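K.L.:
when you get a sec, could you give me coordinates for this:
(2 chains)
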Amino acid sequence: MATDETFPLDPPRPRALPVPPPIGETAPARRILIGAAIGFLALVLALPLAGVFTEGLRKGLGAYLAAFADEDALAAIRLTLLVAAISVPANLVFGVAAAWAITRFSFPGKSALITLIDLPFSVSPVVSGLVFVLLFGANGLVGPWLAAHGLKVIFAVPGLVLATIFVTLPFVARELIPIMQAQGSADEEAALTLGADGWTIFRRVTLPNIKWGLLYGVLLCNARAMGEFGAVSVVSGHIRGLTNTMPLQVEILYNEYDFVGAFAMASVLAALALVTLVLETILEWRHGDELARSARH
Amino acid sequence: MTTLPLAAPAHRHRPRLVDGVLPGFGLAFGWTVVWLSAVVLIPLVALAHKASGLGVSGFVELLHDPRVLSALELSFGAALVAALINAVFGVLVAWVLTRYRFPGRGLVDAAVDLPFALPTAVAGITLAALFAKTGWVGAWLEPMGLKVAYTRLGVVVALVFVGLPFVVRTVQPLLADLDREVEEAAATLGASRAATVFRVLLPPLVPAILTGFTLAFARGVGEYGSIVFIAGNMPYLTEIAPLLIVIRLEEFDYVGATGIACVMLTVSFTLLFAINALQAWASRRW
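P.N.:
Prediction:
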């Protein structure tokens, strides 16, 4: 039932005074507002989510499963796992280092540094891929030199990794900075006066304090790393079995009118998104006070 | 009796470049700067270098190309419309989620983040399938004369999906912290409920709504994956700016691609500064 728990009945008042307008909405108004919000969310969120799985299963479970027997599909899954396995730990280390420097020390240029960390969030994914093409492409600044030394970045796995690292760079840092800022450095300073060295302080004092926030940041980072499309699409060259990640494989299959194959692959990514959401929600329920919920976007 | 001369902490108040007693600044700061330079700064310098080859006249020429203009117009226009829709519904959703208790509220709250978690290509092909003539929604809308897939409307639909969480998530924490006493005061002073909502409750939320709106708008301008499948990608009609960058790249017109990218980047960075200024203003005011 739609009830407003925080506002029980108005206290009884003397008759002579005019009754002030009620605080909170009347029950019908509440129902209309809740209905409108849920209707909107059902249309925008639930319908597409249901659509992914329905379209994948349109020709039955057999056709759905057959989509995964394809060698190119398996290669795409392996490549996505590989790219995430490199870029997520890389940005995890970066995020911890950046949060340590930013929240435990004061130094000139700190706000500029924070802005710079945020920057990939405000760059179009396509532009994120483009910058690496301009740098490492066949006509790029260092591309020809690298090619002469036998290193191919664009239209190869290193380019995919670089573009993914670029777009997922802020996630861990953005999660950790507000948490570590709020916690302050008193615990670590106490450990320091007790004679602990830097690594011990981090491992025994800081890490236990930030572990849930760190996990939350890694979840967001991983979801984006596995699902990134625009940036990797520019640097990939769409070579089947070699440089197609799962989202790129979805695109290729869809454009070839292999809808069952495209949606089967898409449903794996959607399932990954759902698992991410469930884990996020569990973290928020259990350790909400140790997360920087309002700071993320 | 002589007093012992206290050891004067002569250097204590000397301003230091780096302040903090904990170890590890060199390593943490060094790694941060190295990583940021390698991943973000140097690539952006490469972009600026390429753009400088275009020159002022090149940019002017670029902005007179009708195909570029209509792509930019569509990206910015559709992002604006979608962000406006999300501002209205985002406030509604945030209001319902913070003010009312109803079954499934936790589930709905968690589901709001779906667009952040779902890969854009997945959203793109699904929306295209739903709104196509044979899709669940398209089959129902097209007889009414409303074509969504492969039109500019489709771009807006995709951007509403992508931008949905921004306004909800920026408004929600503020709404939860709003002092109930203020509305009680307004009510006891005789304000109608509508007056309380629109003249007492909403004004402090305006900076948060604007921040969420700007974030959704900025995201929409650069969005690619969720749009290209539903838009139809007709030059001059339903071709978005990021797609035109991809097309220019495929034509090996690197300078043209860079030019469009620079226009988009300039606007995004301006928006980023606007958001920061907005938040600074809001924290001063409330």
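
K.L.:
would you map the helices across the stretch 51-200 of chain B?
P.N.:
For the stretch 51-200 of chain B, the helices defined by DSSP state H, counting those that start in this stretch cover B:55-62, B:66-99, B:105-111, B:114-117, B:120-131, B:138-141, B:152-177, B:180-188, B:193-195.

K.L.:
dump those to JSON lines, plus mean neighbour count and distance to A:Ser111.
P.N.:
Quick note: C-beta positions are derived from backbone N, CA and C, even for glycine. JSON lines is the format used below for those (neighbours: other Cβ atoms under 10 Å in any protein chain shown; distance: least, Cβ to Cβ, whole Å):
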{"stretch": "helix B:55-62", "mean neighbour count": "12", "distance to A:Ser111": "30"}
{"stretch": "helix B:66-99", "mean neighbour count": "21", "distance to A:Ser111": "26"}
{"stretch": "helix B:105-111", "mean neighbour count": "16", "distance to A:Ser111": "32"}
{"stretch": "helix B:114-117", "mean neighbour count": "22", "distance to A:Ser111": "26"}
{"stretch": "helix B:120-131", "mean neighbour count": "28", "distance to A:Ser111": "30"}
{"stretch": "helix B:138-141", "mean neighbour count": "15", "distance to A:Ser111": "48"}
{"stretch": "helix B:152-177", "mean neighbour count": "23", "distance to A:Ser111": "20"}
{"stretch": "helix B:180-188", "mean neighbour count": "14", "distance to A:Ser111": "33"}
{"stretch": "helix B:193-195", "mean neighbour count": "13", "distance to A:Ser111": "40"}
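
K.L.:
can you put those in TSV and add mean pLDDT and distance to A:Val268?
P.N.:
Putting those into TSV (pLDDT from 0 to 100; distance: least, Cβ to Cβ, whole Å) gives the following:
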stretch	mean pLDDT	distance to A:Val268
helix B:55-62	86	40
helix B:66-99	95	28
helix B:105-111	92	20
helix B:114-117	93	14
helix B:120-131	95	9
helix B:138-141	90	25
helix B:152-177	94	20
helix B:180-188	85	46
helix B:193-195	85	48
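
K.L.:
got TSV for those helices, with distance to chain A too?
P.N.:
Listed next are the helices of the stretch 51-200 of chain B as TSV, based on distance: least, Cβ to the nearest Cβ, whole Å:
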stretch	distance to chain A
helix B:55-62	15
helix B:66-99	4
helix B:105-111	4
helix B:114-117	4
helix B:120-131	4
helix B:138-141	11
helix B:152-177	4
helix B:180-188	5
helix B:193-195	6
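
K.L.:
excluding residues flanking it in the chain, which one is nearest the residue in the stretch 151-297 of chain A positioned nearest to chain B?
P.N.:
With Cβ to the nearest Cβ, the shortest gap between the stretch 151-297 of chain A and chain B falls at A:Gly227, namely 2.8 Å. Distances taken as Cβ to Cβ, 6 or more residues apart in numbering or on different chains put B:Pro119 closest to A:Gly227, at 2.8 Å, once the chain neighbours are dropped.

K.L.:
count residues in the vicinity of the one you found, would you?
P.N.:
24 (other Cβ atoms under 10 Å in any protein chain shown).

K.L.:
surely it is in contact with A:Ala271?
P.N.:
No - B:Pro119 is not in contact with A:Ala271 according to Cβ atoms under 8 Å; the separation is 11.3 Å.

K.L.:
where's the most centrally placed residue in chain B relative to B:Phe166, distance?
P.N.:
Nearest residue to the geometric centre of chain B (Cα atoms, centre = their mean): B:Leu215, 2.3 Å. Separation of B:Leu215 from B:Phe166 (Cβ to Cβ, to the nearest Å): 4 Å.

K.L.:
and the residue of the stretch 151-297 of chain A closest to chain B, what are its phi and psi?
P.N.:
Main-chain torsions, A:Gly227, degrees, to the nearest 10: phi -100, psi -10.

K.L.:
contacting residues around it?
P.N.:
For A:Gly227, the contact set (Cβ atoms under 8 Å, 6 or more residues apart in numbering or on different chains) comprises A:Pro247, A:Leu269, A:Leu272, A:Ala273, B:Ala117, B:Leu118, B:Pro119, B:Thr120, B:Ala121, B:Val122.

K.L.:
tell me which helix or strand the residue positioned nearest the centre of chain A sits in.
P.N.:
The residue lying closest to the centre of chain A (Cα atoms, centre = their mean) is A:Leu220, at 2.9 Å. Per DSSP states H and E: A:Leu220 is located in helix A:207-227.

K.L.:
ok, A:Leu291 touching A:Tyr216?
P.N.:
Yes - counting by Cβ under 8 Å, A:Leu291 touches A:Tyr216, with 5.5 Å between them.

K.L.:
ok, now how distant is the nearest residue to B:Asp109 once chain neighbours are set aside from B:Val167?
P.N.:
The shortest distance from B:Asp109 to any non-neighbouring residue, by Cβ to Cβ, 6+ apart, is to B:Leu97 (5.4 Å). Counting by Cβ to Cβ, the separation of B:Leu97 from B:Val167 is 12 Å.

K.L.:
over to B:Leu69?
P.N.:
The value you get for B:Leu69 to B:Val167, if Cβ to Cβ is used, is 29 Å.

K.L.:
hang on, the earlier thing: got a list of what the residue nearest to B:Asp109 touches?
P.N.:
Counting by Cβ under 8 Å, 6+ apart, B:Leu97 touches A:Ala37, B:Arg105, B:Val108, B:Asp109, B:Val112, B:Val168, B:Gln172.

K.L.:
pull the distance from the top helix by length along chain A to the chain's centre.
P.N.:
Identified as the longest helix of chain A according to DSSP state H is helix A:71-104. Offset of helix A:71-104 from its chain centre (Cα atoms, centre = their mean, to the nearest Å): 11 Å.

K.L.:
buried ones in that helix?
P.N.:
Neighbour counts over helix A:71-104 (16 or more other Cβ atoms under 10 Å in any protein chain shown) mark A:73, A:75-77, A:79-80, A:83-84, A:86-88, A:90-92, A:94-104 as buried.

K.L.:
near chain B, which of those residues show up?
P.N.:
By Cβ under 8 Å from any Cβ of the partner chain, the members of the buried residues of helix A:71-104 lying near chain B are A:Phe94, A:Val96, A:Ala97, A:Ala98, A:Trp100, A:Ala101, A:Ile102, A:Arg104.

K.L.:
how about those in JSON lines, adding pLDDT?
P.N.:
Formatted as JSON lines, those follow (pLDDT from 0 to 100):
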{"residue": "A:Phe94", "pLDDT": "97"}
{"residue": "A:Val96", "pLDDT": "97"}
{"residue": "A:Ala97", "pLDDT": "97"}
{"residue": "A:Ala98", "pLDDT": "97"}
{"residue": "A:Trp100", "pLDDT": "96"}
{"residue": "A:Ala101", "pLDDT": "96"}
{"residue": "A:Ile102", "pLDDT": "95"}
{"residue": "A:Arg104", "pLDDT": "94"}
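
K.L.:
with those in mind, which one is nearest to B:Ala158?
P.N.:
Closest approach between those and B:Ala158, by Cβ to Cβ: A:Phe94, at 31.2 Å.

K.L.:
what sits against the closest one?
P.N.:
A:Phe94 makes contact with A:Leu169, A:Val172, A:Ala173, B:Trp31, B:Thr32, B:Trp35, B:Leu36, according to Cβ under 8 Å, 6+ apart.

K.L.:
so what's the third one closest to, chain neighbours aside?
P.N.:
In space, not counting the residues next to it along the chain, A:Ala173 is nearest to A:Gly95; the distance is 4.0 Å by Cβ to Cβ, 6+ apart.

K.L.:
can you list the helices of the stretch 51-200 of chain B in a markdown table and add distance to A:Leu160?
P.N.:
Converted to a markdown table, the helices of the stretch 51-200 of chain B look like this (distance: least, Cβ to Cβ, whole Å):
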| stretch | distance to A:Leu160 |
| --- | --- |
| helix B:55-62 | 29 |
| helix B:66-99 | 25 |
| helix B:105-111 | 30 |
| helix B:114-117 | 21 |
| helix B:120-131 | 15 |
| helix B:138-141 | 34 |
| helix B:152-177 | 22 |
| helix B:180-188 | 51 |
| helix B:193-195 | 54 |
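
K.L.:
thanks again, I'm all set now.
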